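Asker: Sequence isn't available, so here's the structure alone:
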């Protein structure tokens with residue numbers, strides 16, 4: 001069973017159905033289902049699928065697909081939450097968000113998925129997110145949009 005599209009479909013199914021915390025767990029599940037795959041190929045597949053690792057709320061991480069990121073970070077009130085967010089600063093038409101290490105990609109993906117009109121795009125490192133403010137918007141408007149989308153951050157955004 002080496003068909004790439006079948007393998008990618010199976011990876012998505014496994015991620016949706018379970019709480020995977022490592023590539024090794026995922027690799028073992030794929031092998032048990034008859035796929036002949038190496039760790040390197042799995043890493044490339046995860047990158048292609050834009051799979052992210054995000055905190056699971058229990059002190060560990062889990063794999064998620066891009067479309068699942070905002071759903072996982074939705075509070076009971078229907079608003080987004082931002083685990084790992086530490087601070088926000090601005091310089092000119094750019095903003096910098098500091099995060100707990102390894103949380104930046106998840107937070108940047110959540111911001112991108114919301115299509116906040118005042119933010120042109122994000123770039124995530126390990127614990128820092130750089131974003132560009134769209135022309136015609138101010139840092140005050142970005143801060144207001146962030147508070148609207150992530151009300152649990154109000155203390156960190158003011």
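Answerer: Thanks, I have it. Everything quoted here is computed from the prediction, not taken from an experiment. Numbering: from 1, shown residues only.

Asker: need the longest helix for this protein.
Answerer: Longest helix of the chain, by residue count under DSSP state H: helix 4-17.

Asker: show me what contacts residue 23?
Answerer: When contacts are counted by CB atoms under 8 Å, 6 or more residues apart in numbering, residue 23 touches 39, 42-43, 46. All C-beta spots, glycine's among them, are computed from the backbone N, C-alpha and C.

Asker: May I see the buried residues of stretch 34-49?
Answerer: Neighbour-count burial for stretch 34-49 flags 35, 37, 41-42, 45-46 (criterion: 16 or more other CB atoms under 10 Å).

Asker: And for stretch 117-128?
Answerer: Neighbour counts over stretch 117-128 (16+ other CB under 10 Å) mark 118-119, 122, 124 as buried.

Asker: try stretch 10-17
Answerer: For stretch 10-17, burial by neighbour count (16+ other CB under 10 Å) applies to 10-11, 14-15.
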